[in-house]
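*Asks:* here's my sequence, what's the structure:
(2 chains)
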2 protein chains.
Amino acid sequence: MNILFMIFKVEYTDKNSKARAGILYTDRGIIETPIFMPVATVGTVKGVLQSQLHQEIKAQIILSNTYHLYLRPGIEVIKKARGLHNFIGWNKPILTDSGGYQVFSLAKIRKITNEGVKFLSHIDGSQHFFTPHLVIDIQRILGSDIIMPLDECTPYPCSYEYAKNSMDMTLRWFDNAYQHFIQTNELYNHKQYLFPIIQGSVYDDLRRYNLEKALTYEIPGIAIGGLSVGEPDDDMYRIVDLITTNSNRNLPHYLMGVGTPENILECIALGIDMFDCVLPTRNGRNGMIFTTQGIINIKNAKWATDFSPIDDFAISFVDSYTKAYLHHLFKADEMLGPIIASIHNLSFYIWLVKQARCKIIEGVFYEWKNKVLPTFMQRL
Amino acid sequence: MNILFMIFKVEYTDKNSKARAGILYTDRGIIETPIFMPVATVGTVKGVLQSQLHQEIKAQIILSNTYHLYLRPGIEVIKKARGLHNFIGWNKPILTDSGGYQVFSLAKIRKITNEGVKFLSHIDGSQHFFTPHLVIDIQRILGSDIIMPLDECTPYPCSYEYAKNSMDMTLRWFDNAYQHFIQTNELYNHKQYLFPIIQGSVYDDLRRYNLEKALTYEIPGIAIGGLSVGEPDDDMYRIVDLITTNSNRNLPHYLMGVGTPENILECIALGIDMFDCVLPTRNGRNGMIFTTQGIINIKNAKWATDFSPIDDFAISFVDSYTKAYLHHLFKADEMLGPIIASIHNLSFYIWLVKQARCKIIEGVFYEWKNKVLPTFMQRL
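*Replies:* Numbering: from 1, shown residues only, chains lettered A, B, ... in the order given. Modelled structure (predicted):
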């Protein structure tokens, strides 16, 4: 078996959409797709214990961030711990993002050259230089199961010229990363897989060009970057559709940083297999609760004496708490509010993609999606 | 059976100290003493789920606060929920403190009269008036299993004259509270028990006088207030010793707001059966971890690459996380740090009193206490 390939089996395909149910095999366990990956930026899903992620939320894979972990606790600490899994106490798969997005969104000052990106830490202002090689080296030390190359995530809106130059550079960086990746080995005896990231903003020809170039490499999957950065949903869906239509459909497709429950179901319909997003945890911490009855702003006074469970459908073990109690916790600024909201929302997201998978297998995904979305997305 | 009495059975007494192992029977389950009660001030132990409190931390009773709950969410909400247990989703015993301590420590402006205490809310500045009757009425609505009368918790240091006048008022308030208590009924068909609070600062004759007066009532237990407010430990131990020596030893004795692991074991030796304190959670949130090897400041750089478990003794399920990971969580200001610290520290406190109970039953409590305390209290 070529170490560059990952085993991905498409088990079922939906007849009325491009949705499919698959299984992704990694050395740390299988992942049933479509899958949602909770975001553990600095090695923790905010407010959630690893045992809860595994046993209660039923996460099969989580996402961490190279930029953040490189700055804190630092690569030396994680090397001494013999990898990120050991360090955080999580023995199932981890995907690490390269840090490109964070360098461009968080770091104070950065300078992009063909060789990489120079930046000042958002924590202490110290100067660092990320190259495609270094980002591979760091992720070898992290030992994450799926790794990402250094890329530039273009903002929205973005001129055609900027998007083109940036994409060209991301492609060159990917080539550097790829060459370095195939010349280096995993450190902890667990296989690692490198996905290229397709950029090109909302420009169809750039996206198509980037995809074609990426497909000339032996790759285990495709990541789609640069979406969910402020563009209209229709642009997101058009680009995703264009990529999955023109791609190698034997590969798993990962849409980075997306999105709302609606975005996720629509993009599953367009052929996406993997998602990650901070929305369920970040918005959860601010009191936005995604339920099978609709979206709740739990801080709203209307919930103060509503003693019904958080979600009638009992998605999660925390759903037996009442809306009134959760409202009280948020009003009193108690930690337990964000904790319950995060556990519930992540459970909802994982339940949502699991439901999608079941409906694909049953052959009724497309109809189910159109039926449930108006309810799931209504504001209560 | 007189509704004023609670069934408390002393099962074992230590031969070398006044320590005893007992069982306290309430309508919501038994409590094995000595017991530590985690503090759920506004109806939540900060950062901890009720299921974790019950299943993992093994709490048998928790403490909430009348002052806080009265201000937020407000008594009307809890009345509609049919009591605090329903509101917060906890069906084991709850003890509620009267709010006297909070009025005097938190409220912006207060005025004490013989009738009660007028104060401005620390949340919104609104004006309120707590009387001994009202505080009973509120706790009838809360439905807590053990309730406390309005009292004044004197500060330390405190002049003899102030302490005497304050104690006289606390005694009058208790009489008012008691008369009102016996003329009113529980609202949810679960018995409630009212303990008097013994005040008198560090003055032996005041403490003795207050105790004698309290013992003239039919009471189910004795609470000792006004300690752990800054006085030397020796004063605390002397007052506790004086009270347990002169009290009705058939009653459970509750030492309010105490303390360190050392304070707790020493006061168990002096005959105390019940404790509550914010120390394990408040200090835990600041990175102080109580372990069987000693006390850790997890923020200290020395733990950054210490990959040993939080507690070698595996007191709690979170102890398998490493010190290095917990250090990282605190340095990165991640919620999971305080969560893990709170779960561990509460587990440690509950384990400590459970161990004390076992050692009392085995007849070796006093020797065990003197042996383990130097280790438990050393700074690592």
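*Asks:* does the lengthiest helix in chain A reach chain B?
*Replies:* Ranked by residue count and defined by DSSP state H, the top helix of chain A is helix A:336-362. Yes: Helix A:336-362 is in contact with chain B by C-beta under 8 Å from any C-beta of the partner chain, via A:336, A:338-340. In short, each C-beta sits where N, CA and C put it, glycine included.
*Asks:* who wins on neighbours among the residues you listed?
*Replies:* Comparing the residues of helix A:336-362 next to chain B by number of neighbours (other C-beta atoms under 10 Å in any protein chain shown), A:Leu336 comes first, having 28 neighbours.
*Asks:* where's that residue relative to B:Gly43, distance?
*Replies:* For A:Leu336, the distance to B:Gly43 (C-beta to C-beta, to the nearest Å) stands at 9 Å.
*Asks:* got it, and A:Gln52?
*Replies:* Distance from A:Gln52 to B:Gly43, by C-beta to C-beta: 21 Å.
*Asks:* and the residue nearest the centre of chain A?
*Replies:* Centre of chain A computed as the mean C-alpha position; nearest residue by C-alpha atoms, centre = their mean is A:Asp276, 2.0 Å away.
*Asks:* tell me what that residue is bridged to.
*Replies:* On the basis of DSSP bridges, A:Asp276 takes part in beta bridges with A:Met37.
*Asks:* please report how far it lies from chain B.
*Replies:* Separation of A:Asp276 from chain B (C-beta to the nearest C-beta, to the nearest Å): 18 Å.
*Asks:* thinking again about what came up before, ok, so of the residues of helix A:336-362 next to chain B, who is nearest chain B?
*Replies:* Nearest to chain B, judged by C-beta to the nearest C-beta, of the residues of helix A:336-362 next to chain B is A:Leu336 at 4.5 Å.
*Asks:* thought the closest one was touching A:His328?
*Replies:* No: the criterion here is C-beta atoms under 8 Å, and A:Leu336 misses it with A:His328 at 9.8 Å.
*Asks:* joint contacts of the two?
*Replies:* Between them, A:Leu336 and A:His328 share no contacting residue under C-beta atoms under 8 Å, 6 or more residues apart in numbering or on different chains.
*Asks:* which SSE is A:Ile289 in?
*Replies:* If you go by DSSP states H and E, A:Ile289 is part of strand A:288-291.
*Asks:* buried ones in the longest helix of chain A, by neighbour count?
*Replies:* For helix A:336-362, a neighbour-count test (16 or more other C-beta atoms under 10 Å in any protein chain shown) marks A:336-357, A:359-360 as buried.
*Asks:* what is the burial count for A:Lys371?
*Replies:* 11.
*Asks:* put the alpha carbons of the worst-scoring helix or strand of chain A on mean pLDDT into PDB.
*Replies:* In chain A, no helix or strand scores lower on mean pLDDT, DSSP states H and E than helix A:100-105, which sits at a mean of 83. Extracted in PDB, the C-alpha atoms of helix A:100-105 (Å, rounded to 0.1, in the frame of the first residue of the first chain):
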ATOM      1  CA  GLY A 100      -2.200  29.400   7.500                       C
ATOM      2  CA  TYR A 101      -5.600  30.700   8.300                       C
ATOM      3  CA  GLN A 102      -4.500  31.700  11.800                       C
ATOM      4  CA  VAL A 103      -1.400  33.400  10.600                       C
ATOM      5  CA  PHE A 104      -3.500  35.600   8.400                       C
ATOM      6  CA  SER A 105      -6.300  36.200  10.800                       C
END
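*Asks:* what's the local residue count around the closest residue to A:Gly257 other than its chain neighbours?
*Replies:* In space, and not counting its chain neighbours, A:Gly257 is closest to A:Ser228: 4.8 Å by C-beta to C-beta, 6 or more residues apart in numbering or on different chains. Neighbour count for A:Ser228, taken as other C-beta under 10 Å: 21.
*Asks:* isn't A:Ser228 right up against A:Ile264?
*Replies:* No: look at A:Ser228 against A:Ile264 with C-beta under 8 Å: they stay out of range, at 10.7 Å.
*Asks:* anything in contact with each of these two?
*Replies:* A:258, A:277.
*Asks:* wait, A:Ala19 sits on A:Thr13?
*Replies:* Yes: counting by C-beta under 8 Å, A:Thr13 is a contact partner of A:Ala19 at 7.2 Å.
*Asks:* anything in contact with each of the two?
*Replies:* A:Ile360.
*Asks:* okay, these two: which has more neighbours?
*Replies:* A:Ala19 (25 against 16).
*Asks:* dump the residue contacts of that one.
*Replies:* A:13, A:34, A:268-269, A:271, A:356, A:360, A:365-366.
*Asks:* now the angle between helix B:336-362 and the longest helix of chain A, please.
*Replies:* Angle, helix A:336-362 to helix B:336-362, by axes from the mean of the first three to the mean of the last three C-alpha atoms, to 10 degrees: 110 degrees.
*Asks:* mean confidence for helix A:336-362?
*Replies:* Model confidence over helix A:336-362, given as mean pLDDT, is 98.
*Asks:* can you spell out which helices and strands pack onto the helix or strand following it?
*Replies:* Remark: after helix A:336-362, the chain's next helix or strand is helix A:365-377, criterion DSSP H and E. Packing partners of helix A:365-377 (3 or more C-beta pairs under 8 Å, 6 or more residues apart in numbering or on different chains; DSSP states H and E): helix A:261-269, strand A:294-297, helix A:336-362.
*Asks:* and the first one with helix A:365-377, angle?
*Replies:* Right, helix A:261-269. Going by the same axes, to 10 degrees, helix A:261-269 makes 170 degrees with helix A:365-377.
*Asks:* for the last one, same thing?
*Replies:* Following the same axes, to 10 degrees, one obtains 160 degrees for the angle between helix A:336-362 and helix A:365-377.
*Asks:* which bits of the stretch 101-250 of chain A sit near chain B?
*Replies:* So the stretch 101-250 of chain A never meets chain B (C-beta under 8 Å from any C-beta).
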